[in-house]
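J.: Sequence first, predicted coordinates after that:
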Amino acid sequence: MTGLQRGYWQLTTSLNYRLVASSSTARAASVLLPKRSSISAPSLSAPPVFRYQQPTAISRSFTNHTTAIMSSNTNNAVAPDSLPDGYEKITEGTITMHYPQSENSVFYNPVQVQNRDLSVLMIGMYAERRAERMWVARKRKEVRKRIMSQEQQRNVDSSKESKPERKARLAQLEKDLDAEVEAAKASVDFTKLAQESSHTNDGMAIFEALAASGLRSLRYWKEVPGLRTMVVNDLDPGAIDLAKENVIRNGLEDALAKEEGGEHNNNQDDAAMEEDNTDPLKRFNLRPPGIKLQVGDATHEMYMSRIPPTLHPSQYNTTQSKYQMTQYDVIDLDPYGSAAPFLDGALQSIVSGGLMCITCTDMAALGGSHPETCYGRYGAFPVQRSGYLQELALRILLYHVSIIAGRYGRTIRPVLSVGMAFYCRVFVEVWDDKAGVNNLSLSHGHLFQSIKCSSFHVTPVATNESVSAKQNDTANENPNKKLSNVYRNGRGPCDLGEAVCGETGGSYKLGGPLWTGPLHDLDVVNDAIARLENAEENNGVNPNGGAPMHPLKMSKTLHGLLVSVSEELPDVPLYHSLPAICSTVNSTTIPRKTFDAALINAGYRVSAYHKDPGAVKTDAPNHVVWDVVRGWCKENPPKQRKVNKRHRKGEEQGSNAPPKHPHSDVASLILNKEIKTKIDFAIPESVASRKKAVRYALNPEANWGPKKAASGLGNPNKGKRKAEDETDGPAQKK
């Protein structure tokens, strides 16, 4: 195909495709579908649809503003007083940009500063963990090779060993290997190692799928250690135009990646490839180092980036050799709305052990306002008007991510999962782990919610005694008991002795499936807290040289968020809403410390939840929670609820119809039950004292919430379709 033919194809296709899901925004889902009345493609000898086309790299400016900047830029920086009319100056972290104030401008939301600050911190910490893992893998291979060589010199005759003796000898060798590697780790500065990796093939490649202004990507480039390649992608040419402008304004022109000739750099010298073939983590055919700006379909880019970077080119098949690129180390998905359209491609284009950063702002779906939309997107049905909707949204998202990963023999390990403002943000590591996929059903569950009160049950999809014992470190508690390794179907509340709600007699409604595994890696969370505390005493910068490398504007808010996360019970899915359970019996809200004290004194664990100040996470069963309420109401009798005559008969207030399903008063049913738990409201020391932090920070300014979707500066479909998530439900007829 000639260059002219390719250009004509790109022109015709760009004019005859429409965007799916919010085409009017630079942060929208970049999935393309043909229009109903599109013209046919030109007749070409080599149809381009079957060939890999690199996304268009931006090498020129589209606006007069950018042209003026480029022409006046002589020192790789722009004069600070050159703010044109109709623009505002925005400084975030180490990056400054001039942002157009037009309603049709590229998407930028100041609310997401906390999101970006948190992402800089978490990716920076991941870079150090990654550097440590790579060093350990290489060191283990080196030590193992030496140990095995020593064993061969000893001429150990394994044929004369019994099976237990051989097993014990190999176990001792592994133990010696681990001890030697751990001893060697003490003398290695992994922070420095991560920073130095940016100049080598060990450096990270990050893909921001929906970059908009590129502010986040440029912050990653300047504030995250060990970054070798930063791919800034967006479907809107106007967005990449603004990103190019921001590169120039911040003096990063020299950091732009230099395109190499040819589709791929697969024709490396064979001798050079074999020179260091002993390195188990040697990486091949990497993208050029630097910042790459490109206009492209995010899903297409990810589907064409599925080769493991450690795979030797001699093992490539024809398709991989001609069309595919290597996987990314970090992928950031931050769309306007749902990330669901991008997850399949992302989970295939991330390296094993890579970090995925996912934002979803469609809380109307995940939170239960539109459960039918949630089921269509995520394959799970939320419970409407539930007190735990904030956590349920996270667990539905993680369930969906884990299911997609499992299709490709991969598992996820959540590092941090939080609800912030009006959106969810999760950081998960993705690993090749076919054996772990078999255990995926053990981390999924079903939700049974009482229709008359806030009692609920979460039951597993499946059970396995042997695997559960290993995961919980209880395999050696009873060595004489043989644990079954059979996967069995999970059981519902009936097997718990509650075919109906034990408090009200109401039936259950079913929700889920949902992720029931941990939401966070508490080691990483506690490390992040320590880093923020050390940085606060050092002008916002980590004194040890690691993340955060630069001051974070929202550091105090992030510190409070992470402290709250660190205090959560890691093995208890969902929570009770304290105001809701007190309202059920018409009682005043029980003081939080008093309620927690009663549960702790009864022998149970309890914690809060980082997004909801009224949340009570506890491993206490429902009847114990209600026993605490009954004990409180016994000492503090609630007032009688004012209801009209029809309501007492079982009708809804304001109804003119005769009662169809009369029901007794829920409060009376709950309070009249016998208290079977010893209730003690004395506050123990563990409840009275807790770490000082800014929990549940208030919004910093008025109208702090989601922004209207941008229509895009360079979007050919501008104005043709409203953002899907403005209604976040099925289309309404006008």
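T.: Cool, got the structure. Numbers count the residues shown, from 1 in each chain.
J.: Show the average pLDDT along stretch 617-632.
T.: Here stretch 617-632 scores 95 as its mean pLDDT.
J.: what do you get for stretch 320-329?
T.: Stretch 320-329 comes out at a mean pLDDT of 92.
J.: ok, and what's touching it?
T.: 51-52, 130, 204-207, 231, 263-264, 266, 283-287, 304-309, 313, 316, 349-351, 354-355 (C-beta atoms under 8 Å, 6 or more residues apart in numbering). All C-beta spots, glycine's among them, are computed from the backbone N, C-alpha and C.
J.: again, 6 Å this time
T.: 52, 204-205, 207, 266, 285, 304-309, 349-351, 354 (C-beta atoms under 6 Å, 6 or more residues apart in numbering).
J.: what does stretch 623-637 give?
T.: Gly502, Glu503, His576, Ile581, Ser587, Ile590, Ala598, Ile670, Leu671, Ile675, Thr677, Ile679.
J.: cool, and stretch 186-196?
T.: Ala127, Glu128, Ala131, Glu132, Pro225, Gly226, Gly545, Gly546.
J.: Filter those residues down to the buried ones, ChimeraX style.
T.: In ChimeraX, selecting the buried portion of those, with burial taken from 16 or more other C-beta atoms under 10 Å, looks like this:
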select :127,128,131,132,225,226,546
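J.: Format the contacts of stretch 186-196 as JSON lines; extra columns: distance to Ala608.
T.: Conversion of the contacts of stretch 186-196 to JSON lines gives the following (distance: C-beta to C-beta, whole Å):
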{"residue": "Ala127", "distance to Ala608": "31"}
{"residue": "Glu128", "distance to Ala608": "29"}
{"residue": "Ala131", "distance to Ala608": "34"}
{"residue": "Glu132", "distance to Ala608": "32"}
{"residue": "Pro225", "distance to Ala608": "33"}
{"residue": "Gly226", "distance to Ala608": "35"}
{"residue": "Gly545", "distance to Ala608": "34"}
{"residue": "Gly546", "distance to Ala608": "29"}
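J.: Could I have the buried ones of the contacts of stretch 623-637 as ChimeraX selection syntax?
T.: In ChimeraX, a selection of the buried entries from the contacts of stretch 623-637 looks like this (16+ other C-beta under 10 Å):
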select :502,503,576,581,587,590,598,670,671,675,677,679
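J.: which pair in the contacts of stretch 186-196 spans the largest distance?
T.: Glu132 and Gly545 (14.8 Å; C-beta to C-beta).
J.: which sections of the stretch 601-734 of the chain are below the confidence cut-off?
T.: Applying pLDDT under 70 to the stretch 601-734 of the chain flags the ranges 641-664, 699-734.
J.: where do the helices sit along the stretch 451-600 of the chain?
T.: For the stretch 451-600 of the chain, the helices defined by DSSP state H, counting those that start in this stretch cover 465-471, 522-536, 555-566, 578-584, 592-601.
J.: Format the CA atom coordinates belonging to the second one as PDB.
T.: So the one you mean is helix 522-536. Extracted in PDB, the C-alpha atoms of helix 522-536 (Å, rounded to 0.1, in the frame of the first residue of the first chain):
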ATOM      1  CA  LEU A 522      -1.800  -3.700  53.600                       C
ATOM      2  CA  ASP A 523       2.000  -3.900  53.400                       C
ATOM      3  CA  VAL A 524       1.900  -1.400  50.500                       C
ATOM      4  CA  VAL A 525      -0.700   0.800  52.200                       C
ATOM      5  CA  ASN A 526       1.400   1.000  55.400                       C
ATOM      6  CA  ASP A 527       4.500   1.700  53.400                       C
ATOM      7  CA  ALA A 528       2.700   4.600  51.600                       C
ATOM      8  CA  ILE A 529       1.500   6.000  55.000                       C
ATOM      9  CA  ALA A 530       5.100   6.000  56.300                       C
ATOM     10  CA  ARG A 531       6.400   7.700  53.100                       C
ATOM     11  CA  LEU A 532       3.800  10.500  53.300                       C
ATOM     12  CA  GLU A 533       4.600  11.000  57.000                       C
ATOM     13  CA  ASN A 534       8.400  11.200  56.300                       C
ATOM     14  CA  ALA A 535       7.800  13.500  53.300                       C
ATOM     15  CA  GLU A 536       5.700  15.900  55.400                       C
END
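J.: chain center to it, what's the gap?
T.: 19 Å (C-alpha atoms, centre = their mean, to the nearest Å).
J.: do the same with the fourth one
T.: In this view, helix 578-584 has its centroid 31 Å away from the chain centroid, taken as C-alpha atoms, centre = their mean.
J.: For it, list the C-alpha coordinates in PDB.
T.: C-alpha atoms of helix 578-584 as PDB (Å, rounded to 0.1, in the frame of the first residue of the first chain):
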ATOM      1  CA  LEU A 578     -24.900   2.600  61.600                       C
ATOM      2  CA  PRO A 579     -27.500   5.400  60.900                       C
ATOM      3  CA  ALA A 580     -29.600   3.000  58.800                       C
ATOM      4  CA  ILE A 581     -29.800   0.300  61.400                       C
ATOM      5  CA  CYS A 582     -30.700   2.800  64.100                       C
ATOM      6  CA  SER A 583     -33.300   4.400  61.900                       C
ATOM      7  CA  THR A 584     -34.900   0.900  61.300                       C
END
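J.: quick one: buried residues of that helix?
T.: Applying 16+ other C-beta under 10 Å to helix 578-584 flags Leu578, Pro579, Ala580, Ile581, Cys582, Thr584 as buried.
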